[in-house]
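A.B. asks: okay, structure incoming, though there's no sequence with it:
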DNA sequence: ATTTTCTTTATGTCTGCACATAACGAGAAT
DNA sequence: ATTCTCGTTATGTGCAGACATAAAGAAAAT
């Protein structure tokens, strides 16, 4: 064989990627099966399997039993964004973190919220709003609805010191989550608490979480104009 | 053992997740090592390893050689967004796809572009602008700079029929990519071609790609107001 | 006390082998 | 021709055993 021993799953992956990038294996074309590749690379089939499995997960290859493996025609690359507590986000930028509770009250959530949480209307929930500060300047607004049926202990917790963002993460585990990113002009509320001009363009991240079948919370994080969400590179 | 045989990596993962959700294993706490878990679940260590490895990749567990495995204190959950060609995006919504080239010319890109592509200034690049239509209505604008040094064949390609988006993906492979999401008020250009009112809030996705060391392209996709980027759920 | 070296431990990976499972396609039964 | 059955094939997964490697902690040397 011209290729020297390629006997780590990482090096197999590298070689496969090289062949795809160099069009030795063209988009849509089938590649040799695992057994043959293992023979060529002089390694175990398990090793080849792991290399190819990961590439399939990342969308570069398409695999089907019996049919074999082919190079994806229109690779759907997956951009991964890290979702973490806002305090961490701010601290990672090297800024000092500050937090202020705006209000906390029980009420009936608007349609948009019950819809996103897959709930019928009318149920009372806890509404918590707060502002996260970076070096004393408003960095993001948190507008959160907490389901009191799933998280009754939230009613009595005072969110003045610790943000609901952190409190929930530490105390209420979740199973399932959705995330959605959108842009809107700044609302009057956002204008006031983010201290931005009229009609500024605000980036929002909406996130709903569930614990088993029970809805936990729905939150909108609204960032200062100019904020960017940056994806860590994949493939 | 109280637990019946758990001998697929998927079921091991489920059981581990169950214990984390039920606080049997608390955030920050160490969990038994692979060998012990394999014994308890009556399966091979390989199986446990795969289950735990995946959970570590998804940020739920933190693993370190010798130290062992612990439940992440502040899990950084990873939201995955699918990045694909705009035509597919539109077709998946059940709309008919349309495309129109706005202009194509050679010029010097602005600072923002050369910065994102990690280039010095002054190099001439191909600037292509186009609009993608869903059911005849503007869906997104594509504003793209193509590096003629890396992709010289782009100069002579006529982007009137096929969008640069698709042409590049089919003809110029890339290794590395960055992605960034932001919101801005609609520019005059966007107002005109997206047919939106003054000061509308536009969601942009910026993406730069490289082939080995060579910059390939930098593109901004600007969506209609109200557009959402939705993440596929992870764990 | 500080630094260096060694041992121990848990994870990381590779291997060969086995069997499970999806799915294509040939051939039989209708 | 259509439907059904079944063998073939490639991927998916499980296992035991082995060695590699990072890293914490103990022991030894300075």
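C.D. replies: Ah, there it is. What you see is a predicted model; the values in this text were computed from it and never measured.

A.B. asks: and the contacts of stretch A:162-176?
C.D. replies: A:85-87, A:99, A:128, A:130, A:132, A:142, A:144, A:146, A:150-151, A:153-154, A:157, A:159, A:209-212, A:216-217, A:219, B:17, B:20-21, B:23, B:27, B:74-75, B:233, B:235 (Cβ atoms under 8 Å, 6 or more residues apart in numbering or on different chains). From N, CA and C alone the C-beta is placed, and that goes for glycine too.

A.B. asks: the lowest-mean-pLDDT helix or strand in chain A versus strand B:77-83: what angle between them?
C.D. replies: In chain A, the helix or strand scored least confidently by mean pLDDT, DSSP states H and E is strand A:77-83, which has a mean of 86. Here the directions of strand A:77-83 and strand B:77-83 differ by 150 degrees (axes from the mean of the first three to the mean of the last three Cα atoms, to 10 degrees).

A.B. asks: just give the nearest non-adjacent residue to residue A:87, would you?
C.D. replies: Distances taken as Cβ to Cβ, 6 or more residues apart in numbering or on different chains put residue A:97 closest to residue A:87, at 4.9 Å, once the chain neighbours are dropped.

A.B. asks: typo on my end, it should be residue A:45
C.D. replies: residue A:38 (4.4 Å).

A.B. asks: I'd like to know how many residues surround the one you found.
C.D. replies: By other Cβ atoms under 10 Å in any protein chain shown, 19 other residues sit near residue A:38.

A.B. asks: can you confirm it is in a strand?
C.D. replies: No: according to DSSP: H, G, I helix; E, B strand; the rest coil, residue A:38 belongs to no strand; its state is helix.

A.B. asks: touching, it and residue A:47? I think so.
C.D. replies: Yes: counting by Cβ atoms under 8 Å, residue A:47 is a contact partner of residue A:38 at 7.0 Å.

A.B. asks: now residue A:139: phi and psi?
C.D. replies: Torsion angles at residue A:139 (phi, psi; degrees, to the nearest 10) stand at phi -110, psi -40.

A.B. asks: surely it meets residue A:100?
C.D. replies: No: the pair residue A:139 and residue A:100 does not pass the contact test of Cβ under 8 Å, sitting 11.3 Å apart.

A.B. asks: between the two, which one's more packed in?
C.D. replies: Using other Cβ under 10 Å as the criterion, residue A:139 and residue A:100 rank with residue A:139 on top: 23 against 12.

A.B. asks: any idea which helix or strand carries the nearest residue to the more buried one once chain neighbours are set aside?
C.D. replies: Of all residues not flanking residue A:139 in the chain, residue A:132 sits nearest, at 5.0 Å (Cβ to Cβ, 6+ apart). Element membership for residue A:132, per DSSP states H and E: strand A:125-134.

A.B. asks: then residue A:230?
C.D. replies: For residue A:230, the host element (DSSP H and E) is strand A:228-231.

A.B. asks: which secondary structure elements does that strand sit against?
C.D. replies: Where contact means 3 or more Cβ pairs under 8 Å, 6 or more residues apart in numbering or on different chains; DSSP states H and E, strand A:228-231 is packed against strand A:77-83, strand A:201-211, strand B:176-185.
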